[in-house]
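S.K.: Predicted coordinates and the sequence they were generated for:
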Amino acid sequence: MAPLTLAEFEAVARERLDPVHYDFFAGGAGDETTLRANRAGFARLALLPRVLRGNGTRTTATTLFGRDTELPVVISPTAFHRLAHPDGELATARAAAGAGVVLVVSMAATTPVEQIAAAARAAAPERAPTLWFQLYVQPDLEFTEHLVRRAESAGCTALVVTVDSPVFGRRERDHRNGFHDLPAGLCCENLREPGGAVRRIEMSAELSWAHIDWLRQRTALPIVLKGVLHPEDALLAVEHGVDGLLVSNHGGRQLDTAPATVELLPEIAAAVAGRLPLLVDGGVRRGTDVVKALALGASAVGVGRPVLWGLAAAGERGVREVLALLREEVDHTLALCGAASPRELGPDLVRRQEGVC
Ligand SMILES: Cc1cc2nc3c(=O)[nH]c(=O)nc-3n(C[C@H](O)[C@H](O)[C@H](O)COP(=O)(O)O)c2cc1C
Ligand SMILES: CCCCCCC(=O)C(=O)O
C-alpha cells in the first residue's frame, strides 16, 4: 500500500537506501537532542479550533516575495539528492514545479542549478516554477559572486543565505560510518570551475554582517537568512536590509542543544514585528505542524528530510506524493480549525501543553 503519512515514507526510504546514506540524511549533530526537540516542539503545541465559521471554500495558496505558491510550504535546501535517487534534484524540481511549490536548490546539489531550472520549467511550462538558491558565502568573494550570477541567470528568484554554519556540525553517525565524501561520479555540481575541477564548500567562521552588506549591494534578489535563531540577530537582519528569515537549526545538524525552532518563533515574530516575512523549518511532518507554525507567525514552513524520503522511495512520484499528502493535511487542518486560508490563522489557535511530547 502507498505510504499514508510522511513517517511511512521515511520507513520505505530507509529500506531502499544504503544505510550509510540513510544515516547521512536522517542524522543530526552530537546527541541529536535538537533533532528530537524539533518534533517534540510541535507535539507540545495543541490546536484550539474555531467553529461555525461558514468556510466552505478554502485555499492553501499564499504569496511569498510577490509570487504565488500553492502551499505555504517550501522545500528546504538539502544536499546530495542523487544519493537518494539517480534522478536526484531533477526529480525533485519536476515534482515541486508540478505541485506549485517553491524549491530551494542547495548549493551542494549534485546537479547544476541550470539543469534543475530547466527541468522545473519543462515540468510546468504554464506556471513559471519558483526556485530559490541556497548559498554558503565562500571566503573567495569573487567565486561567491559568480555563484550568485549563475543563480540569477538560471532564473532563481531569491537567495537563501545559510548563516548557521561557521563550522560544519559534528554528525557522529557519519563519523562512525566513515562517510566523508560523495561516491565517485557524484559531486557538488555548482562548485565546478569552468575548467572542470570541483571546489570544496568552505564553511567560514570569518563571516560577519559585513558579508551580508556586501551581498546586499551585489544582488537585487530578495535575501533570506537561514539559521537565525536569536531575536537580537533577527533585529540585526532587519537593520541590514534582508528580505526574510528562515528560522532554522539546520534540522538539528549544526549546534546540538539549540532550541526547537517552533518554540522560538513567537519571540522572533515579536522582535521583527511584521517588518520581514518569517519562514521556519525543522521537524515539520504533518499538516497540523504547518498550521501551528503559520498561526505563530510564519508565512510558510520548510521541509527537508520528508522530500528526501519521497525521492528515495519513488523518485519524482515519491516527492509528488509527499507534497500532495502535506497539501491534503494542511487543507484538512484548516477546515477543522475553521479557517478558509493560511492568512486567517493567528496565535489564539495555539496552546502550549506542558509535559506532552
Ligand atoms: C541531508 C540534509 C542535507 C542538508 N543540506 C543543506 C544544505 O545544503 N544547505 C542548507 O542550508 N541546509 C541544509 N540542510 C538543512 C535543511 O535545509 C533544513 O534546515 C532541515 O532539513 C529542516 O529540518 P527537517 O529535515 O526536519 O525538515 C540539510 C538537511 C539535511 C537533512
Ligand atoms: C562540505 C559539503 C557541505 C554540504 C552541506 C550540506 C549540509 O548543509 C548538511 O546539513 O549536510
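M.R.: Perfect, I can see it now. Ligands and ions are numbered 1, 2, ... in the order given.
S.K.: contacts, neighbours, all on C-alpha from now
M.R.: Will do.
S.K.: and residue 247, what are its phi and psi?
M.R.: Main-chain dihedrals, residue 247, degrees, to the nearest 10: phi -70, psi 110.
S.K.: give me the beta-bridge partners of it?
M.R.: According to DSSP bridges, the partner residues bridging residue 247 are residue 280.
S.K.: Would you check that it makes contact with residue 267?
M.R.: No. With contact defined as CA atoms under 8 Å, residue 247 does not reach residue 267; the gap is 11.1 Å.
S.K.: Looking at those two, which one has more neighbours?
M.R.: residue 247 (28 against 17; other CA atoms under 10 Å).
S.K.: How much space separates that one from residue 111?
M.R.: 26 Å (CA to CA, to the nearest Å).
S.K.: Touching, residue 37 and residue 260? I think so.
M.R.: Yes. Using CA under 8 Å, residue 37 is in contact with residue 260, at 5.2 Å.
S.K.: Which of these two has more residues huddled nearby?
M.R.: Neighbours around residue 37 and residue 260, counted as other CA under 10 Å, are more numerous at residue 260. The numbers are 27 against 24.
S.K.: need the contact list for that one.
M.R.: 34, 37, 38, 39, 40, 41, 249, 282 (CA atoms under 8 Å, 6 or more residues apart in numbering).
S.K.: what about the third one, how many neighbours?
M.R.: Read that as residue 38. 24.
S.K.: Is the strand or helix carrying it positioned near ligand 1?
M.R.: Assigned by DSSP states H and E, residue 38 belongs to helix 33-43. No. Counting by CA under 6 Å from any ligand atom, ligand 1 is not contacted by helix 33-43; separation bottoms out at 7.1 Å.
S.K.: which helices and strands does the helix or strand following that helix pack with?
M.R.: Following helix 33-43 in sequence order, the next helix or strand is strand 45-47 (DSSP H and E). Under the contact definition 3 or more CA pairs under 8 Å, 6 or more residues apart in numbering; DSSP states H and E, strand 45-47 sits against helix 287-295, strand 350-352.
S.K.: Residue 318 is in contact with residue 324, isn't it?
M.R.: No. Between residue 318 and residue 324 there is no contact under CA under 8 Å: 9.7 Å.
S.K.: Compare the two (neighbour count), which wins?
M.R.: Using other CA under 10 Å, the more surrounded residue of residue 318 and residue 324 is residue 318, with 25 against 15.
S.K.: Tell me the secondary structure at the closest residue to the more buried one other than its chain neighbours.
M.R.: Take residue 318 and drop its neighbours on the chain: the residue closest to it by CA to CA, 6 or more residues apart in numbering is residue 310, 4.1 Å away. Classification of residue 310 using DSSP: H, G, I helix; E, B strand; the rest coil returns helix.
S.K.: Near ligand 1, which residues of the stretch 251-357 of the chain are found?
M.R.: Residues of the stretch 251-357 of the chain lying near ligand 1 (CA under 6 Å from any ligand atom): 251, 281, 282, 283, 284, 303, 304, 305.
S.K.: Contact partners for the fourth one?
M.R.: For residue 283, the set of contacting residues under the criterion of CA under 8 Å, 6+ apart consists of 35, 38, 39, 42, 251, 303.
S.K.: Chain neighbours aside, what residue packs nearest to the fifth one?
M.R.: Just to be clear, that refers to residue 251. residue 282 (4.8 Å).
S.K.: And the third one, by the same measure?
M.R.: Of all residues not flanking residue 39 in the chain, residue 283 sits nearest, at 4.9 Å (CA to CA, 6+ apart).
S.K.: That neighbour in helix, strand or coil?
M.R.: Residue 283 - assigned by three-state DSSP - is coil.
S.K.: Phi first, then psi, for it.
M.R.: Residue 283 adopts backbone torsions of phi 80, psi 10, taken as degrees, to the nearest 10.
S.K.: Just give me the residue closest to the centre of this protein.
M.R.: residue 76 (1.7 Å; CA atoms, centre = their mean).
S.K.: Residue 302 is in contact with that one, correct?
M.R.: Yes. Counting by CA under 8 Å, residue 76 does reach residue 302; the two are 5.0 Å apart.
S.K.: and the gap between the residue nearest to residue 318 and ligand 1?
M.R.: 12 Å (CA to the nearest ligand atom, to the nearest Å).
S.K.: residues contacting that residue?
M.R.: Residue 310 sits in contact with 9, 10, 13, 316, 317, 318, 319, 320, 321, 322, where contact means CA under 8 Å, 6+ apart.
S.K.: which residues do residue 76 and residue 302 both contact?
M.R.: Residues touching both residue 76 and residue 302 comprise residue 281, with contact defined as CA under 8 Å, 6+ apart.
S.K.: Go ahead and confirm residue 323 touches residue 100.
M.R.: No. In this structure residue 323 lies outside contact range of residue 100 using CA under 8 Å: 9.7 Å.
S.K.: neighbour-wise, which of those two wins?
M.R.: More neighbours surround residue 323 than the other of residue 323 and residue 100, with 27 against 21 (other CA under 10 Å).
S.K.: Let's verify the more buried one: helix, strand, or coil?
M.R.: Per three-state DSSP, the secondary structure class of residue 323 is helix.
S.K.: ranking the contacts of residue 283 by neighbours, who comes first?
M.R.: That'd be residue 251 among these, by other CA under 10 Å, with 29 neighbours.
S.K.: Pretty sure it sits against residue 25.
M.R.: No. Residue 251 lies out of contact with residue 25 (CA under 8 Å); the separation is 10.1 Å.
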